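>>> predicted model and sequence follow; I will ask about them next.
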Amino acid sequence: MQLFDSHCHFDFDAFDGDRPQVWQRCRDAGVERMIIPGVSEPRWSTLFELVKGEPGWYAAVGLHPWWVAEAEMEPVQLQRDLAQQIAAAQLQGNPCVAIGECGLDGAIVTPLTDQEPHFRAQLALAAELDLPLIVHACRCHSDMLRLLKEYRPARGGVIHAFSGSEEIARDYWQLGFCLGAGGTITYERAAKTRRAFAALPLEAVLLESDAPDMPLAGRQGQRNSPEYLPLIAAELATLRGISIEQVAEQTRLNTERLFALQ
Ligand SMILES: [Zn+2]
């Protein structure tokens, strides 16, 4: 079984003490590759350095809505700085596989109206560089769908850690966006999201840990880790009544397709 973690913040400080050991346990558990999205400017260049020595790790860069306020960066400057960062990394043989993590969050202090210009800059950059998007969409599905319908990103992307109804999930899939299944589906109370992931075409689903965030049911308060990805795969297999091998195989293919990886 070869699992692909489509969203892991493996560059975060939470892993500084034991990153090699965690990665070894991942590989022992069948988690062979991961996409690490950059969330804020100070992390962009260190992220490219991090993935350099490890063939199973891929970098994406963006400005996450949680870091928009402190970035104090005009959207035009954000678009230009990201483009420069991506070009510089490319020259050193470090391709950027997506724009993100970027998006909107309706549950934070920064108003959506202040987040939207920065997200628009990243939608424009994805079009300019012909890259897919890694999207954070929390309590904002109607705004998010409005923007995606306006820009119609040619390479699509993923709505990471999707939480919501089957109907909303299908709206995203119709726009070329996959849905990221993470720790949420291990919680019984997330009935709507579990139903959505049970009913969607499997071709629309990616697996993700979102570690160190999004702990699985029963592990609240603990650091989440990509080594637990098989538990999410197993939960998805149970929800759909198929084997974990089928889940692993199809979600790996989906991730390779979306991010143009072999
Ligand atoms: Zn994330």
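In hand now; what should we look at? Numbers count the residues shown, from 1 in each chain.
>>> all strands of the protein, in order?
Ranges of strands in the chain, per DSSP state E, are 3-5, 31-38, 57-61, 96-105, 133-138, 157-160, 177-181, 205-207.
>>> residue 239: which of the ones you listed is closest?
Minimum separation from residue 239 across those (CB to CB) falls at strand 177-181, 9.1 Å. Quick note: C-beta positions are derived from backbone N, CA and C, even for glycine.
>>> now mean pLDDT too, for the strands of the chain, in CSV please.
Below are these laid out as CSV (pLDDT from 0 to 100):
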stretch, mean pLDDT
strand 3-5, 98
strand 31-38, 98
strand 57-61, 98
strand 96-105, 98
strand 133-138, 98
strand 157-160, 98
strand 177-181, 98
strand 205-207, 98
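>>> winner for burial among these?
strand 157-160 (a mean of 28; mean count of other CB atoms under 10 Å).
>>> note down every partner strand of that one and its orientation.
Strand pairing for strand 157-160, using DSSP bridges, gives strand 133-138 (parallel), strand 177-181 (parallel).
>>> same list, the ones you listed, but as a markdown table with distance to residue 52 please.
Formatted as a markdown table, those follow (distance: least, CB to CB, whole Å):
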| stretch | distance to residue 52 |
| --- | --- |
| strand 133-138 | 20 |
| strand 177-181 | 25 |
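>>> number of nearby residues for the closest residue to residue 57 other than its chain neighbours?
Leaving aside its sequence neighbours, residue 57 sits nearest to residue 51 (CB to CB, 6 or more residues apart in numbering; 4.2 Å). Counted with other CB atoms under 10 Å, residues neighbouring residue 51 total 23.
>>> roughly how far apart are residue 51 and residue 254?
In this structure, residue 51 and residue 254 are 21 Å apart, going by CB to CB, to the nearest Å.
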